[in-house]
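>>> Below: sequence and its predicted model.
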Amino acid sequence: MQALKKDIWLILLLLALSVPLFFLNVHNSHSAGGDDYALYIKEAKNIAEGKPYYLSDNVFNKHNVHYSPPQYPPGYPLLLAPVVKMCGIDILPLCYFNTVVAAMLLLCFFYFFRRYMGVIPATCMALMIVYGSVMMGLKQTIVADTTCLLFVMLYMVVRAAEKQNSIRMTLLVLFATMAILCRTQAVLLLLAEVIYLFYDTIRHRKTATTRSILTSPGMVAIAGSNALLFILNKTIFYTPNSTSVFYAAIFRDALQKGALTVVRDNVNFFLEAIKSFFHYDTDNSIRTAIVTIMESAGLVLCITGLLISIAKKIRFTDVFFVLMCLLMLFYPIHDARYFLPAIALVYLYSYTALRTVLPTITTIRPLYVGVAFAGIYLFAGLKYLRSTTEPPVNYVPAQNDHNAFAYLRQNVKDDELIICARPRLVSLYTDRKCIIHAWQLPMAENKRIFDSMNAKYLLIAYDIVEDYYQQYLNEYDHPVDSTEIAPGYRLYKIR
């Protein structure tokens, strides 16, 4: 009972420390840098309305699978569906949903770290992650990364329990399944379990029995999650188009360069991805110097801590981290958020190295150094954190976006097809059929494809690929007429 009371006070303290999250980088608009989020919201809207989640007016262009898979995994949209049901297509409530996820992550990080260190360093590192620029930036982005991370961390917290029972085993299956349903890359959890189970069986081959192997947490998670995913994908989450074409095309193009070339190109980016977990944008020379030192120290400490951890004893988390590293080295798309599921391990390895190395060079307790490290890091990010309270400069939907979308809803028929550079975004707000061009093909081939689909309009917005579309219109598809439907938007009628 005393331990429970102590935990309640700790949870209340951590929840209090999460309160500022609800005032940082929470806005009623979304970054205009891409339109991935539009497909997530569309899928959430479908689930809220009881429709098949994959339905979309974004017409999948099989000749350009690099732009987007036909649909995203349904886990994140499933969780967003109640918010969309209550609030409609509104960015602000969705940002608050992401903020709740961030607050829950603060608790998960704490309990994960607490198994390896005391309360104070665990709290400090949890705060460094959730208030770091990577996590803070993703709060305003309606994508599945932080939600996937939440289920990965829940899995790791339960997985690290000294004793497993039927409830914990069930939670392992559910958390692994939800992580994979949020982002496919979370399947590395199960692959890590396979590898670790094989390694652990070999290590204990004299005492291991068939029963002990079949009832181990790893085997239960592997079998249970695969069975549950199979059932879900064949029933309520069935889709006619597989996302495998998207990933197959990416890796096929990468293999044409050669695996070694891809790895060589990715090494520096991968190292920068690790450093980004200790990064803040600053405009002050002192803060910039602090951040630069933190980034370099974090990278060195992480690699050192990984080697120390493996040298002592290989754990499941080590296997998962190595698989994440291999993904970053071989995956041809450069985006640091793909490494996000490993962020807690980056900090854990950094702590391991710090605690091992410090006593050999100073008498100062590692605890004090760690607290100072966290304090200085968060101090360096104060200006950045304050800046997140200001509305974004480049965002959607702005008033001109709403005007353009209203025009399209009123003047374009349901069965007419619009060619545009951001079909996921335009189709979400207009409920009109949209398709992107295939930049991998010659313009003449694009015209043949669009003619076969009887595309009627071409929309240029925000000067995105404007030169390409203007050349296409001049040489291949002379417009019948054109209209500036809103500032930054011009609609061309091509038949």
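Nice, I can see it.

>>> out of everything not next to it in sequence, what's closest to I250?
P332 (5.8 Å; CB to CB, 6 or more residues apart in numbering). Every C-beta, even on glycine, is put in place using the N, C-alpha and C of the backbone.

>>> Where does the residue nearest to V465 when sequence neighbours are not counted sit, in terms of helix or strand?
Among residues not flanking V465 along the chain, A421 sits closest, at 5.0 Å (CB to CB, 6+ apart). Secondary structure from DSSP states H and E places A421 outside every helix and strand.

>>> Hmm, A421 is touching L458, no?
No - if you go by CB atoms under 8 Å, A421 and L458 don't touch, sitting 10.0 Å apart.

>>> Overlap in contacts, the two.
Residues touching both A421 and L458 (CB atoms under 8 Å, 6 or more residues apart in numbering): Y469.

>>> which residues of the stretch 301-450 of the chain fall in helices?
Per DSSP state H, counting those that start in this stretch, the stretch 301-450 of the chain carries helices over the ranges 316-330, 343-361, 366-380, 382-387, 399-411, 423-430, 443-452.

>>> thinking again about what came up before, please name the residues that touch the residue nearest to I250.
By CB under 8 Å, 6+ apart, the contact list for P332 reads 250-251, 253-254, 257, 262, 266.

>>> try 7 Å this time
250, 253-254, 262 (CB atoms under 7 Å, 6 or more residues apart in numbering).

>>> residues near the residue nearest to V465, how many?
22 (other CB atoms under 10 Å).

>>> Tell me which of the helices of the stretch 301-450 of the chain is the most buried.
helix 423-430 (a mean of 24; mean count of other CB atoms under 10 Å).

>>> So what angle separates the directions of that one and helix 399-411?
Helix 423-430 runs at 70 degrees relative to helix 399-411, counting by axes from the mean of the first three to the mean of the last three CA atoms, to 10 degrees.

>>> what comes into contact with helix 423-430?
Against helix 423-430 from outside (CB under 7 Å, 6+ apart): 35, 38-39, 41-42, 56-58, 68, 89, 396-397, 405, 408-409, 418, 420, 433-436, 459.

>>> now with 6 Å?
Contacts to helix 423-430, defined as CB atoms under 6 Å, 6 or more residues apart in numbering, come from residues 35, 38-39, 42, 57-58, 405, 408-409, 420, 434-436.

>>> from these, which would you call buried?
35, 38-39, 42, 57-58, 405, 408, 420, 434-436 (16 or more other CB atoms under 10 Å).

>>> Closest to D414 out of the residues you listed?
Nearest to D414, judged by CB to CB, of those is D57 at 8.7 Å.

>>> Now for that closest one: which residues touch it?
Listed by CB under 6 Å, 6+ apart, the contact partners of D57 are 427, 431, 433.

>>> what phi and what psi does the backbone show at it?
When read as degrees, to the nearest 10, the backbone of D57 gives phi -80, psi 0.

>>> In space, what's closest to it - neighbours in sequence excluded?
Excluding the flanking residues, the one nearest D57 by CB to CB, 6+ apart is S427, at 3.8 Å.

>>> pLDDT wise, what is that neighbour at?
pLDDT for S427: 95.

>>> Distance check, it against L367.
Separation of S427 from L367 (CB to CB, to the nearest Å) stands at 54 Å.

>>> quick one: average pLDDT of the helix or strand where Q470 lies?
Assigned by DSSP H and E, Q470 belongs to helix 466-475. Here helix 466-475 scores 85 as its mean pLDDT.

>>> Give me the helices and strands touching whichever helix or strand comes after that helix, please.
Using DSSP H and E, the helix or strand that directly follows helix 466-475 along the chain is strand 481-486. Strand 481-486 is packed against helix 399-411, strand 489-493, with contacts defined by 3 or more CB pairs under 6 Å, 6 or more residues apart in numbering; DSSP states H and E.
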